[in-house]
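Chemist: Based on what follows, work out the 3D shape:
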Amino acid sequence: MVNILFDIGGFLVAIAILVAIHEYGHFWVARTLGVKVLRFSIGFGKPLWKKVSEVDGVEYTISAIPLGGYVKMLDENEGDVPAEELPQAFNRQPLWKRSLIVLAGPVANFILAIFLFAVLNMWGTPGVTPEVGKLEISSVASQAGVEEGDMLVSVDGRDYRYWGQHDLYLYNQVIKGQDAHLIVLGLDGRQREVTLPLSTIPASDVGPGLLPRALGLTRWRPEIPAVIGRVVEDSPASLGGMQVFDRVISIDGETIIDWAEFVVAVIDRPGDELRILVERDDVQLELNVTPETITEGGRMFGRVGVAPEFVDIPENRRVLARDNLPMAVLNGIDETWLMSVLTLRMLGKMLVLEVSPKNISGPITIAQYAGQTAQIGLQPFISFLAIISISLGVLNLLPIPMLDGGHLLFYIGEAITRKPVSERVMAVGQQFGLVLLLGLMCLAFYNDIFRLIG
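Modeler: Numbers count the residues shown, from 1 in each chain. So this is what the prediction gives:
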């Protein structure tokens, strides 16, 4: 129940912030360019709260359906306009003004993302040193020449300060089908260049936690024994009889050395019954546990619902990467650009079916992420807001009627033909856009529900 409340609360806070910023972009530019604004609404449908400003006459509302918002401007296409107010009507504005007003919403989302990333960069990113951990001989990273104990120095000129710092850049390289060039510092004190063959990795392997797994590239970790530190209630482990302090000896007859081997064995066997041999109070017991199936990035993984005993990371392995203001802003711009490009490329891959449409998330999944990040702390929640703000900006720029990008598409047509797009063309376009958006929404809800019951 507490998790559900966090999900709902986090979602409402996130939507309120992101929609308010997006719509304020339209609002501010419209007012600056002399267009009269009639209403500023967060949400659609029946107003739950409204107030008319005595200063500017704008009606500010919070409406019942928290899935967006809108700015209503004076416009002859939506009703009669008094003659003295015609110069303030949106439809009477030159093309460049209308284009700027429409473009301002998505731009506001990108500016918000840059600001949030800059705040996080100045706040400081906690992490661990970029040291390579255990590698399988057959892994892509090992075959490329990466060795256990190597320290990552840079990738394509981007310096490493902590592990995972440039995963977003590497994801983009996979989507583009381009390799990456690593500079690593070996245990012998010498630097060498290693080419990571990212062009050979399918786009479906891209995603948080998936690319390092595809490369077989793991960070240094302290030795964690395969001893159960926590068992989630009603989880497969709990139902199978696993208890805190159990030491895992083997799975299906294969010896388990440490926690990492235990995790790999479980992840690779979703839905399969495992014979887990554990030691409890000096007595060996065989338990039957079936990992639940978790879908992530279009792929399925096993999970049994346990956590290891806490093992602290040594002080000399910890890193707090913190930027000054200019670098924080520059890195914020870079992160926003990379995330925007990655989002567009992933959408392109979905259109040609190289990436599963199951990656599309709807409000249920977004609410879950909002709640989870809010429970973890303020920094993860701010990062979540930045990522969703970018997604909102990119989505609204797609050339689909009903979205900002659709309006810009009509304006491009107007610029080319030297006359406004006909009402018939606009009506057909709006109907097409509505059907397409409803289809995407249905797909997103289907994916959300599938994840819940999966």
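
Chemist: Could you point out which residue ranges in this structure have low pLDDT?
Modeler: Along the chain, segments meeting pLDDT under 70 span 1-3, 205-210, 296-299, 451-454.

Chemist: can you count the residues close to residue 184?
Modeler: Using other Cβ atoms under 10 Å, residue 184 has 23 other residues around it. C-betas here are computed from N, CA, C, even on glycine.

Chemist: Any buried residues in the one helix or strand residue 425 maps to, and which?
Modeler: In the assignment (DSSP states H and E), residue 425 maps to helix 423-453. Using 16 or more other Cβ atoms under 10 Å as the test for burial, helix 423-453 gives 426, 429, 433, 436-437, 440, 444, 447-448, 451.

Chemist: possible to save those residues as TSV with distance to residue 161?
Modeler: Putting these into TSV (distance: Cβ to Cβ, whole Å) gives the following:
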residue	distance to residue 161
426	51
429	48
433	44
436	43
437	41
440	38
444	36
447	35
448	36
451	34
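
Chemist: and the helix or strand harbouring residue 169, what does it pack onto?
Modeler: Element membership of residue 169 [criterion: DSSP H and E] is helix 167-176. Contact here means 3 or more Cβ pairs under 8 Å, 6 or more residues apart in numbering; DSSP states H and E; on that basis helix 167-176 packs against strand 180-185, helix 210-215, helix 325-351.

Chemist: For the chain, which segments count as helices?
Modeler: Per DSSP state H, the chain carries helices over the ranges 2-32, 95-123, 140-144, 167-176, 210-215, 236-239, 259-267, 325-351, 363-376, 378-397, 404-417, 423-453.

Chemist: Once you drop chain neighbours, what's closest to residue 63?
Modeler: Nearest non-adjacent residue to residue 63, counting by Cβ to Cβ, 6 or more residues apart in numbering: residue 43, 3.5 Å away.

Chemist: again, but for residue 303
Modeler: Spatial nearest neighbour of residue 303, chain neighbours left out: residue 294 (5.0 Å); criterion: Cβ to Cβ, 6+ apart.

Chemist: re the thing from before, I'd like the helices of the chain as TSV, with distance to residue 227 appended.
Modeler: As requested, the helices of the chain are exported to TSV (distance: least, Cβ to Cβ, whole Å):
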stretch	distance to residue 227
helix 2-32	27
helix 95-123	34
helix 140-144	28
helix 167-176	30
helix 210-215	24
helix 236-239	13
helix 259-267	8
helix 325-351	38
helix 363-376	25
helix 378-397	28
helix 404-417	53
helix 423-453	31
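
Chemist: if we compare those, which one ends up closest to residue 189?
Modeler: Residue 189 lies closest to helix 140-144 among the helices of the chain, at 20.8 Å (Cβ to Cβ).

Chemist: Output the contacting helices and strands for that closest one.
Modeler: So helix 140-144, by 3+ Cβ pairs under 8 Å, 6+ apart, packs with strand 191-196, helix 210-215.

Chemist: buried set for it?
Modeler: Neighbour-count burial for helix 140-144 flags 140-142, 144 (criterion: 16+ other Cβ under 10 Å).

Chemist: Same question for stretch 141-160.
Modeler: 141-142, 144, 146, 149-152, 154-155, 160.

Chemist: Equivalent analysis for stretch 362-380, please.
Modeler: Buried-residue list, stretch 362-380, by 16+ other Cβ under 10 Å: 362-374.

Chemist: possible to save those residues as TSV with distance to residue 273?
Modeler: Supplementary listing: the buried residues of stretch 362-380 in TSV, determined by distance: Cβ to Cβ, whole Å:
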residue	distance to residue 273
362	33
363	35
364	30
365	29
366	34
367	33
368	28
369	31
370	35
371	32
372	29
373	34
374	36
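
Chemist: Closest to residue 65 out of those?
Modeler: The closest of those to residue 65 turns out to be residue 363 (Cβ to Cβ; 10.7 Å).

Chemist: Do I have it right that that closest one meets residue 388?
Modeler: No - the criterion here is Cβ atoms under 8 Å, and residue 363 misses it with residue 388 at 11.0 Å.

Chemist: Can you pull the phi/psi pair for the residue nearest to residue 127 when sequence neighbours are not counted?
Modeler: In space, not counting the residues next to it along the chain, residue 127 is nearest to residue 162; the distance is 3.1 Å by Cβ to Cβ, 6+ apart. The phi and psi torsions at residue 162 (degrees, to the nearest 10) take the values phi -150, psi 160.

Chemist: Let me see the contact set for residue 162.
Modeler: The neighbourhood of residue 162, defined by Cβ atoms under 8 Å, 6 or more residues apart in numbering, consists of 125, 127-130, 319, 321.

Chemist: Residue 66 is in contact with the residue nearest to residue 63, correct?
Modeler: Yes - look at residue 43 against residue 66 with Cβ under 8 Å: they come within range, at 5.0 Å.

Chemist: any residues in contact with both of those two?
Modeler: Common neighbours of residue 43 and residue 66 (Cβ under 8 Å, 6+ apart) are residue 19.

Chemist: which of the two has more neighbours?
Modeler: Using other Cβ under 10 Å as the criterion, residue 43 and residue 66 rank with residue 43 on top: 22 against 19.

Chemist: how much space between the more buried one and residue 50?
Modeler: Counting by Cβ to Cβ, to the nearest Å, the gap from residue 43 to residue 50 is 11 Å.

Chemist: Same check on residue 437?
Modeler: For residue 437, the distance to residue 50 - Cβ to Cβ - is 26 Å.

Chemist: Show me how this protein divides into domains.
Modeler: According to the TED database, the chain comprises the domains 126-221+313-321, 227-308.
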